[in-house]
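> predicted model follows, preceded by the sequence.
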Amino acid sequence: QLQLVESGGGSVAAGGSLRLSCVVSGVTTHEYCLAWFRQAPGKERERVALINTFDGTFYGDSVKGRFIISKDGFKKNTLYLEMNSLEPEDTAIYYCAASGTGVCTTWPYWGQGTQVTVSS
């Protein structure tokens, strides 16, 4: 059973940085795509970044140039999201997710979420 557990959320002033972590268990991470999503109050869930089975990375326009998605280099069982130049608009619950296959189109596996709050 694939499980995802996020950590690293918190409160930060605008312009600051945070790093989120997501420990993946139950499967070797290179077998699936992994992604970070976020959902702000009253808004739809938004995909922020993804990393595919070839370690290719893709970002949403709102975070491009500020956020970096990565996996740890050895065990590849931890997913990270480095968030820089944070803005109040980045305030949301952040979730890590895994696809069921090597195709990054469906996301059946989710973590419990971690809150990120950016104050102006």
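Yep, it's here. Numbers count the residues shown, from 1 in each chain.

> at the geometric centre of the chain, which residue sits there?
Centroid-nearest residue in the chain: Trp36, 2.4 Å away (criterion: CA atoms, centre = their mean).

> look up how far Phe58 lies from it.
Trp36 sits at a distance of 11 Å from Phe58 (criterion: CB to CB, to the nearest Å). Glycine gets a C-beta too; all of them are placed from N, C-alpha and C.

> which residues are in contact with each of those two?
In terms of CB atoms under 8 Å, 6 or more residues apart in numbering, Trp36 and Phe58 are both contacted by the residues Ala49, Leu50.

> so, low pLDDT: which residues of the chain?
Applying pLDDT under 70 to the chain picks out residues 28-30, 73-76.

> give me that answer again for 90
Within the chain, the stretches with pLDDT under 90 are 1-2, 25-32, 53-55, 72-77, 100-103.

> could you give the number of residues near Trp57?
For residue 57 the amino acid is Thr, not Trp. When neighbours are defined as other CB atoms under 10 Å, Thr57 has 14 of them.

> ok so, going back, mind checking how far the residue nearest to the centre of the chain is from Asn77?
16 Å.

> give me the phi and psi for the residue nearest to Ser99 when sequence neighbours are not counted.
Nearest residue to Ser99 in three dimensions, chain neighbours excluded: Cys33, at 4.1 Å (CB to CB, 6 or more residues apart in numbering). Dihedral angles of Cys33 (phi, psi; degrees, to the nearest 10) stand at phi -80, psi 150.

> so that it lines up with my notes, have the first residue be 49 from now on.
In the new count, where the first residue is 49, that last one comes out as Cys81.

> so Cys81 makes contact with Gly148?
No - counting by CB atoms under 8 Å, Cys81 stays clear of Gly148, with 9.2 Å between them.

> neighbour-wise, which of those two wins?
Higher neighbour count among Cys81 and Gly148: Cys81, with 24 against 14, using other CB under 10 Å.

> ok, that one - contacts?
Leu98, Ile99, Asn100, Thr101, Ala146, Ser147, Gly150, Val151, Cys152.
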